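Q: pasting the sequence and the predicted coordinates here, then a few questions.
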Amino acid sequence: MSDLLARITVDPQRMHGRPCIRDLRITVADVLELLSAGQSRESILEDYPYLEEADIDAVLVYAARQVDHPIIVAK
C-alpha cells in the first residue's frame with residue numbers, strides 16, 4: 001500500500017497544495033469525482049493517457065485512509 005500512496009503528492013506550489021497524482025496537475029478529488037459520476041476506470045485512462053491503473057488504485061487507497069481516521073471530541 002505504501003507504494004501506491006507514494007503516487008500521491010502534495011506540493012504547496014502545485015494545485016494550491018491539494019493532493020495530486022505523481023506531481024501531475026490532476027488531483028485526487030478530480031479522479032474521485034470522475035469515478036463517483038460513474039465513469040469507468042477504462043474511460044478515465046483513455047481520457048487521461050498519462051494516468052496509469054495504479055494511479056486510480058492510489059486515489060482510492062488515499063481517500064479511504066483520509067476518511068478512516070479517529071476523531072477526538074472535546075467535551
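A: Good, I have the coordinates. Computed from a predicted structure; not experimentally measured. Numbers count the residues shown, from 1 in each chain.

Q: how about the contacts made by the residue nearest to residue 52 when sequence neighbours are not counted?
A: Nearest non-adjacent residue to residue 52, counting by Cβ to Cβ, 6 or more residues apart in numbering: residue 45, 7.6 Å away. For every residue, glycine as well, the C-beta is placed using N, CA and C. Applying Cβ atoms under 8 Å, 6 or more residues apart in numbering to residue 45 gives the contacts 51, 52, 53, 56.

Q: identify the residues contacting the one helix or strand residue 62 maps to?
A: Per DSSP states H and E: residue 62 is located in helix 53-67. Residues outside helix 53-67 that contact it (Cβ under 8 Å, 6+ apart): 1, 4-5, 7-8, 19, 21-22, 28, 31-32, 35, 41, 44-45.

Q: and that helix, which residues are buried?
A: Residues of helix 53-67 classed as buried by neighbour count (16 or more other Cβ atoms under 10 Å): 55, 56, 58, 59, 61, 62, 63.

Q: same question for stretch 5-18.
A: Neighbour-count burial for stretch 5-18 [16+ other Cβ under 10 Å]: 7, 8, 15.

Q: using PDB, write out every CA atom in that stretch.
A: C-alpha atoms of stretch 5-18 as PDB (Å, rounded to 0.1, in the frame of the first residue of the first chain):
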ATOM      1  CA  LEU A   5       0.400   6.100  -1.600                       C
ATOM      2  CA  ALA A   6       3.800   7.300  -2.900                       C
ATOM      3  CA  ARG A   7       2.000   8.100  -6.100                       C
ATOM      4  CA  ILE A   8       0.000  10.800  -4.200                       C
ATOM      5  CA  THR A   9       2.000  14.000  -3.800                       C
ATOM      6  CA  VAL A  10       1.300  17.300  -2.000                       C
ATOM      7  CA  ASP A  11       3.200  20.400  -3.000                       C
ATOM      8  CA  PRO A  12       2.100  23.800  -1.800                       C
ATOM      9  CA  GLN A  13       3.200  25.300  -5.200                       C
ATOM     10  CA  ARG A  14       1.100  22.900  -7.200                       C
ATOM     11  CA  MET A  15      -2.700  23.000  -7.400                       C
ATOM     12  CA  HIS A  16      -2.800  25.100  -4.100                       C
ATOM     13  CA  GLY A  17      -1.400  22.200  -2.100                       C
ATOM     14  CA  ARG A  18      -4.200  19.800  -3.000                       C
END
